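[1] pasting the structure only:
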């Protein structure tokens, strides 16, 4: 059986085993990914499908335990436990934000930090380890690309 077929056939059972260990969908997804990564790197020869399935469940349970034993898990708190939830700021023009997010990453990042988060070019340069001139150049090029995208959509 090839790797993709093994993933397709066993994804549900591995996810359920991981969810039972982690009690959190996000952590369970991390465990599933780590489990199938171990399968990909493993040189184990499986006798049959049942042997593979048992091996995957065992690895998922062990990965879940390792996650709970990790330093960060033992010494950290989730935002939910602290009663905090991250929230996105209210955006006046969500369509414009979507266009900004469609730009290449180097332009998208500086435009977002400048216009939506309110950082100065100096602060952005410090955050991204760039020169201020480079930040201003990226802002200009990003605005130009955004303008081109918006004009192109108006014509369509």
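    That came through fine. Since the model is a prediction, treat every value here as computed from it, not as a measurement. Residues are numbered from 1 along each chain as shown.
[2] so where's the protein shaky on pLDDT?
    1, 71-92 (pLDDT under 70).
[3] helices or strands next to the longest helix seen in it in the packing?
    Using DSSP state H to define each element, the chain has its longest helix at helix 132-155. The elements that helix 132-155 packs onto, with contact taken as 3 or more CB pairs under 8 Å, 6 or more residues apart in numbering; DSSP states H and E, are helix 94-101, helix 105-111, helix 121-128. The C-beta positions use only the backbone N, C-alpha and C, and glycine is treated the same way.
[4] ok, and what's touching that helix?
    99-100, 102-104, 106-108, 110-111, 114, 121-122, 124-125, 128, 130 (CB atoms under 8 Å, 6 or more residues apart in numbering).
[5] ok, stretch 52-63 next?
    The contact list for stretch 52-63 (CB under 8 Å, 6+ apart) reads 1, 6, 10, 13-14, 17-18, 21, 31-32, 34-36, 38-39, 44, 46.
[6] hmm, 7 Å instead?
    Surrounding stretch 52-63, the residues in contact under the criterion CB atoms under 7 Å, 6 or more residues apart in numbering are 6, 10, 13-14, 17-18, 21, 31-32, 34-35, 38-39, 44, 46.
[7] want to throw the helices and strands packed on helix 132-155 into JSON lines with mean neighbour count and distance to residue 156?
    JSON lines is the format used below for those (neighbours: other CB atoms under 10 Å; distance: least, CB to CB, whole Å):
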{"stretch": "helix 94-101", "mean neighbour count": "13", "distance to residue 156": "13"}
{"stretch": "helix 105-111", "mean neighbour count": "18", "distance to residue 156": "22"}
{"stretch": "helix 121-128", "mean neighbour count": "16", "distance to residue 156": "32"}
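[8] dump the ones you listed to a markdown table, plus distance to residue 151.
    As requested, the helices and strands packed on helix 132-155 are exported to a markdown table (distance: least, CB to CB, whole Å):
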| stretch | distance to residue 151 |
| --- | --- |
| helix 94-101 | 11 |
| helix 105-111 | 16 |
| helix 121-128 | 26 |
